[in-house]
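Visitor: take this sequence and fold it.
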Amino acid sequence: MPDDEALVCPGDLVALRQCDHVDADRPVRLRVEEVWPSPEWFSWVTLYGREVSDDPRRHGSITSVRAYRDALRQPGAVTRTPAPVCAYCRERLATGSPIVSSAPPRDPTLPGPS
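Guide: Residues are numbered from 1 along each chain as shown. Alright, predicted model coming up:
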């Protein structure tokens, strides 16, 4: 469902209490890699990603959870992560300089969009 995609996106950090996901035996922090939308009559959405944990045995392990939609709407449950920026663009943004593509100019004699 589009609503699921608005709740959480790949790259987000999700912190779920034990009561925030289906069949849970403990709290989970997860760096989301995939969001599997559920039919709107389900109260949860399936998230796949890598666990973020202080326990070295769990940290980085691939995990899936069925998080309740209401839990994902709670303040602090989802932390948006901005897209990574390359060093060149980061430097240009910091100095206010334009970001110029390193791609060669397009040959106007070739077919395609102009």
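
Visitor: please count neighbours and contacts with C-alpha atoms only from this point.
Guide: OK.

Visitor: burial count for Val78?
Guide: Residues contacting Val78 under the criterion other CA atoms under 10 Å number 22.

Visitor: any idea of the pLDDT on Leu7?
Guide: Per-residue confidence at Leu7 stands at 81 (pLDDT).

Visitor: list the contacts of the nearest residue to it once chain neighbours are set aside.
Guide: Counting by CA to CA, 6 or more residues apart in numbering, Leu7 lies nearest to Leu72, which is 6.5 Å off, once chain neighbours are set aside. Each residue near Leu72 by CA atoms under 8 Å, 6 or more residues apart in numbering is listed here: Leu7, Val8, Val14, Val78.

Visitor: same question for Val52.
Guide: Residues in contact with Val52 (CA under 8 Å, 6+ apart) are Val28, Arg29, Leu30, Arg31, Arg58, His59, Gly60.

Visitor: for it, give me phi and psi.
Guide: Recorded main-chain torsions at Val52 are phi -110, psi 110, according to degrees, to the nearest 10.

Visitor: ok, Cys19 next?
Guide: phi -80, psi 0.

Visitor: return the distance of it relative to Thr81.
Guide: As judged by CA to CA, to the nearest Å, Cys19 and Thr81 stand 24 Å apart.

Visitor: ok, now Arg31?
Guide: On the measure of CA to CA, Arg31 and Thr81 end up 10 Å apart.

Visitor: so which of those two has more stuff around it?
Guide: Neighbours per residue, other CA under 10 Å: of Arg31 and Thr81, the larger number sits with Arg31, 24 against 12.

Visitor: what's the closest non-adjacent residue to that one?
Guide: Leaving aside its sequence neighbours, Arg31 is closest to Leu13 (4.6 Å, by CA to CA, 6+ apart).

Visitor: my read: that neighbour touches Glu34, true?
Guide: No. With contact defined as CA atoms under 8 Å, Leu13 does not reach Glu34; the gap is 11.9 Å.
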